[in-house]
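[1] pasted the sequence and its predicted model underneath.
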Amino acid sequence: MQHRFFALISRMRYINRWGLMRNTFSENVQEHSHMVAVLAHGLAMIQRDILGECADPDRCAVAALYHDASEILTGDLATPIKYYNPAIRDAYKAVEAVSAQKLLSMLPQELQPGFAPLLHESDASVSAIVKAADKLSAYIKCLEELKAGNSEFESAARQTRAALDAMELPCLQWFMAHCLESFRLNLDQLE
């Protein structure tokens, strides 16, 4: 029997994000998931090694790699639609859960228990870090688009920044104070 899970995961690269926005450069779900994993790992490292609080950077990174896996079957629904009202939000979350379960069923039975917590994140502390990294990745995309002169992202940048500022996660606040402004720099300024 051929298990299709990994073949489907590889197709994340075909799902573009920011579908309702004019993009200077496109971003797909696979690229986004990689960046979210890098950021989640970093946030968890900050939480554990700088702030001295409990965190599992490896678990956060792996959970972030799979945080949008359900979109392989659902596609990427634009944020203004996904969160338009509670009924749509809740219905879409149910669709994502069914999609995640379908993906899980495409793994060998022996692997399903190991992947289940990644596709259906159950650890609240991991979820908080991945959610913060996801939002941070969106804000970084906005900064990159604005840096390229694309004013289409001004409103998204303001809204995303406000959402980040509202998150009460010390590792995120530390990252924003010590790392975020570097994303506004060009390559020569980063050296």
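    Everything's here; your move.
[2] what residues are up against the residue sitting nearest the centre point of the chain?
    In the chain, the C-alpha closest to the average C-alpha coordinate belongs to Asp134, at a distance of 3.1 Å (C-alpha atoms, centre = their mean). Contact partners of Asp134, counting by C-beta atoms under 8 Å, 6 or more residues apart in numbering, are 36, 64, 67. For the C-beta atoms, the positions are set from N, CA and C on the backbone; glycine is no exception.
[3] hmm, try it at 7 Å
    By C-beta atoms under 7 Å, 6 or more residues apart in numbering, Asp134 lies in contact with 36, 67.
[4] how about Ile50?
    Counted by C-beta under 7 Å, 6+ apart, Ile50 has contacts Trp174.
[5] just Val130 next, same as before
    Contacts for Val130 (C-beta under 7 Å, 6+ apart) come out as 36, 40, 60, 63-64, 67, 121.
[6] follow-up on the earlier one: from Met35, how far off is the residue nearest to the centre of the chain?
    9 Å (C-beta to C-beta, to the nearest Å).
[7] show me where the chain has its helices.
    5-9, 29-45, 57-65, 71-74, 79-82, 86-105, 112-119, 124-147, 154-166, 170-178, 187-190 (DSSP state H).
[8] which one of the ones you listed lies nearest to Arg17?
    helix 29-45 (5.6 Å; C-beta to C-beta).
[9] run the chain-centre distance for the closest one.
    Relative to its chain's centre, helix 29-45 lies at 7 Å (C-alpha atoms, centre = their mean, to the nearest Å).
[10] if we can go back for a sec, which members of the contacts of Val130 are the farthest-apart pair?
    It's Val36 and Glu121 that sit farthest apart of the contacts of Val130, by C-beta to C-beta, at 12.5 Å.
[11] so which of these two has more stuff around it?
    Val36 (28 against 18; other C-beta atoms under 10 Å).
[12] contact partners for that one?
    64, 67, 130, 133-134, 137.
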